[in-house]
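Enquirer: Predicted model follows, preceded by the sequence.
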Protein chains: 2
Amino acid sequence: MKLKELAEKLNLSQTTVSRALNGYPEVNEATRERVNKAALKFGYSANANARRLAMGRVGAIGLVIPADSSQRFGPHTAEFLAGLAERLSRDEIDFLLSPIVDNDEISVYKRLISSKRVDAIIVSGPVLVDERVSMLIDANFPFVLHGRTNIDRPHAWLDIDNQGAFYQAASHLLDLGHRHIAMIDGLRGFTFSEHRELGYRQALSERGVEIDPRFIVHDYFSDEIGFRETQRLLSCTPQPTAIIAGSMMTALGVSRAVRNKGYQLGKQVSLITHDDVFPYLNASNMVPSMTTTRSSMRSAATRIAEMLVRVLDGEPVDNIHELWPVELTVRQSSGPPISG
Amino acid sequence: MKLKELAEKLNLSQTTVSRALNGYPEVNEATRERVNKAALKFGYSANANARRLAMGRVGAIGLVIPADSSQRFGPHTAEFLAGLAERLSRDEIDFLLSPIVDNDEISVYKRLISSKRVDAIIVSGPVLVDERVSMLIDANFPFVLHGRTNIDRPHAWLDIDNQGAFYQAASHLLDLGHRHIAMIDGLRGFTFSEHRELGYRQALSERGVEIDPRFIVHDYFSDEIGFRETQRLLSCTPQPTAIIAGSMMTALGVSRAVRNKGYQLGKQVSLITHDDVFPYLNASNMVPSMTTTRSSMRSAATRIAEMLVRVLDGEPVDNIHELWPVELTVRQSSGPPISG
DNA sequence: CCTTTTATCCAAAGCGCTTTGGATAGGTTA
DNA sequence: TAACCTATCCAAAGCGCTTTGGATAAAAGG
């Protein structure tokens, strides 16, 4: 069923039917109703391609995702997508996932833009000076960045206060009396990771605590890394008495290594984790319950979707950015240091 | 830059340029090269909407995902998407995620079909008699099902042997001498979940072991459910001496509850988990290492993408289905029952 | 040397929609 | 009653591409 046929059945022109369907004012209410009813009855729904061709709009936003078997497409991405879906479904905006081909990320973005299949793009996992971001600004293509870069040309972004998170975590541990604090976070180069390290260093420096480079780990978020690195850390002299973990997955590995050594969390080793809030992995239900810096990835994504809609509505991007604070929740996995 | 302009610059017709670009034979090799070079130089790339409108094809496949904050969009979905991306990137096929609106799943599918935005659909999480599947068959719309249904009209699917998985797990536990075996699996109604219960029941029945309905749990896959239900199970009389968990997330909760009670995995309580293979959560690295039935969700997705391409190439769906066996890997979390 | 084939290329007709620039008829105003 | 709105509808022109049905010229066949 196409517009023309529907129009014929109704003895109306395509113009009128189109207008009736799209809510234009210059059509009689009675007519509109008649059209709507008929559309429903015949199961008519506009061909999206034709519609977009005519309008120059798309009704979809783009995301570029890694296509190899890397760790990068993990539970964080899933939460993120779920959050986007939550908001975008309201406007019937779909999203287009474009896998990276030939490891050439930037050209996937370019393809996405020039193929006109998306109205906007969401960029995540930025590095400090992100080529994608400057390219998108240059191309004047609408996008929202999840995270931050050092590029100070105006663009829309949302980030959480990663520096503050690790600063708070480290400060709390210092308050408790810890002096040997390690951190196991995400890969070096990513802004979030660098910011977290900054927060960690800041806290330690403020108290005059020396920073031991062996205690700073950057790697993938996985239980295995958490386990392995904690084992390594616990064989250092002096041993760290506290660890800050960048993700729940990492924390699982850390816990395991700590237990494995016969230690208890919150006693010989304290642990603070950054919690992106996975519905299937709850920090407060852990045993012992986990001290965390918490910020829902899903909510952030929902908000980003919101911002994207604003960008698409033409709002100037200068004002579209948000920095979300991160709150420390003290639970049982952190306590004053005791000797092993 | 549009086709017309490019054609003008080259002093050729749109037809020829289009054909040159799309690899049709009726164009001189020299001309083709000239065209390709010019296209590259001017950064020309066909407007996808126009292209699709003209061709009636899309270059994207559809997936419907839950948009609420349910548990359903979790790490399994993420792995699945990653697997699809791995294969579809080769053919530059994108995927379109359509969130469910108003909780009306079937109409999202219909919208997806009639809006002509995707060439095919991937359906996952089928129930025993799945309305979506019969609808898609009726509509004669290409799709591949991840999982199985009882609908015996021809369609393409890939499933793992869920029944066999739980049958093997239960049998192994019975072999070890367990007589009180519980299972904590996914939500009732889903085929995979029903199949697993079938396997479990079959194993127990074959050995004449009575089935205790309190020992069969169906719920979301999460550590919290695993924890809570295990606590409940361990307060039953008689206590189960073994638990089969449907997912790694569940297993984390189970482990925690077991430890919490002062028990050891593989001693007072044995645990076998179905492992969908998450890169960030490794069964063999757990302590104690985890006995699993293992089947990579990611590989399955990659294969499904492969099948989808075949479906799109017009191969009859009758022969496009695969049932993947699941292998039991015995590790330390399962052992003979000992008294608490 | 003329006819037939083959290799290239092109003009124009869609694909299904939105939107521009009127038409038409009934109602208002003076 | 004539001149002017207003509300409602329509025909036709794109949107940028692919594809059909030739045209043209060079090569081959007789």
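Expert: Nice, I can see it.
Enquirer: For the closest residue to residue A:181 other than its chain neighbours, give me its contacts.
Expert: Leaving aside its chain neighbours, residue A:181 sits nearest to residue A:242 (4.6 Å; criterion: C-beta to C-beta, 6 or more residues apart in numbering or on different chains). Bear in mind the C-beta positions are built from the backbone N, C-alpha and C, glycine included. Contacts for residue A:242 (C-beta atoms under 8 Å, 6 or more residues apart in numbering or on different chains) come out as A:173, A:176, A:178, A:180-182, A:269-272, A:334, A:337.
Enquirer: One more pass at 10 Å, please.
Expert: A:169-170, A:172-174, A:176-183, A:215, A:266, A:268-272, A:333-337 (C-beta atoms under 10 Å, 6 or more residues apart in numbering or on different chains).
Enquirer: Show the pLDDT at it.
Expert: In this model, residue A:242 is scored at 98, pLDDT.
Enquirer: Regarding it, what are the backbone dihedral angles?
Expert: Here is the backbone geometry of residue A:242 (degrees, to the nearest 10): phi -150, psi 150.
Enquirer: what does residue A:240 give?
Expert: According to degrees, to the nearest 10, residue A:240 has phi -70, psi 140.
Enquirer: That one: how many residues sit nearby?
Expert: 23 (other C-beta atoms under 10 Å in any protein chain shown).
Enquirer: what about the strands in the stretch 1-150 of chain A?
Expert: Taking DSSP state E, counting those that start in this stretch as the test, the strands found in the stretch 1-150 of chain A are A:60-65, A:94-99, A:120-124, A:143-146.
Enquirer: Just give the closest residue to residue A:120, not the sequence neighbours.
Expert: residue A:142 (3.9 Å).
Enquirer: ok so, going back, out of the strands of the stretch 1-150 of chain A, which gets the lowest mean score?
Expert: Looking at those, the bottom one is strand A:94-99 with a mean of 79.
Enquirer: and the angle from it to strand A:60-65?
Expert: Angle of strand A:94-99 versus strand A:60-65, following axes from the mean of the first three to the mean of the last three C-alpha atoms, to 10 degrees, is 30 degrees.
Enquirer: how about strand A:94-99 against chain B, any contact?
Expert: Yes - using C-beta under 10 Å from any C-beta of the partner chain, strand A:94-99 reaches chain B at A:94-99.
Enquirer: how deep is the residue nearest to residue A:120 tucked in, by neighbour count?
Expert: 19.
Enquirer: now residue A:26
Expert: So residue A:26, with other C-beta under 10 Å, has 8 neighbours.
Enquirer: Please list all residues in contact with the closest residue to it other than its chain neighbours.
Expert: Once flanking residues are discounted, residue A:26 sits nearest to residue A:19: 6.5 Å by C-beta to C-beta, 6+ apart. Counting by C-beta under 10 Å, 6+ apart, residue A:19 touches A:12-13, A:25-27, A:31-32, A:35.
Enquirer: Of those residues - the most surrounded one?
Expert: Result: residue A:35 is most packed of the contacts of residue A:19 (other C-beta under 10 Å), 23 neighbours.
Enquirer: I'd say that residue and residue A:13 touch.
Expert: No - in this structure residue A:35 lies outside contact range of residue A:13 using C-beta atoms under 10 Å: 11.2 Å.
Enquirer: what do those two both touch?
Expert: With C-beta under 10 Å, 6+ apart, residue A:35 and residue A:13 have common neighbours A:7, A:19.
Enquirer: how's chain A carved up into domains?
Expert: Domain assignment for chain A by automatic domain parsing gives A:3-46, A:60-159+A:298-324, A:162-296.
Enquirer: For the residue nearest the centre of chain A, which non-adjacent residue is spatially closest?
Expert: Closest residue to the average C-alpha location of chain A: residue A:80 at 4.9 Å, with C-alpha atoms, centre = their mean. Spatially, and ignoring its direct neighbours in sequence, residue A:80 is nearest to residue A:301 (4.5 Å; C-beta to C-beta, 6+ apart).
Enquirer: Quick check: buried residues in stretch A:118-130?
Expert: A:118-127, A:130 (16 or more other C-beta atoms under 10 Å in any protein chain shown).
Enquirer: Would you mind measuring the gap between the ends of it?
Expert: End-to-end span of stretch A:118-130 (C-alpha to C-alpha, to the nearest Å): 21 Å.
Enquirer: for the residue of the stretch 101-250 of chain A found nearest DNA strand C, what are its contacts?
Expert: Residue of the stretch 101-250 of chain A nearest DNA strand C, by C-beta to the nearest atom of the strand: residue A:116 (13.4 Å). Contact analysis of residue A:116 by C-beta under 10 Å, 6+ apart lists A:52-53, A:56-58, B:45-51.
Enquirer: Please list only the buried members of those residues.
Expert: A:52-53, A:58, B:45-51.
Enquirer: Can you tell me which of those end up in helices?
Expert: The members of the buried ones among the contacts of residue A:116 that map onto helices under DSSP state H are A:52-53, B:48-51.
Enquirer: And the furthest pair within those residues?
Expert: A:52 and B:51 (11.6 Å; C-beta to C-beta).
Enquirer: hmm, back to that, the buried residues of stretch A:118-130: which two are farthest apart?
Expert: A:119 and A:127 (25.2 Å).
Enquirer: Would you reformat the ones in helices among the buried ones among the contacts of residue A:116 as JSON lines and include pLDDT and distance to DNA strand C?
Expert: JSON lines is the format used below for those (pLDDT from 0 to 100; distance: C-beta to the nearest atom of the strand, whole Å):
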{"residue": "A:52", "pLDDT": "81", "distance to DNA strand C": "8"}
{"residue": "A:53", "pLDDT": "86", "distance to DNA strand C": "4"}
{"residue": "B:48", "pLDDT": "80", "distance to DNA strand C": "12"}
{"residue": "B:49", "pLDDT": "83", "distance to DNA strand C": "9"}
{"residue": "B:50", "pLDDT": "89", "distance to DNA strand C": "7"}
{"residue": "B:51", "pLDDT": "87", "distance to DNA strand C": "9"}
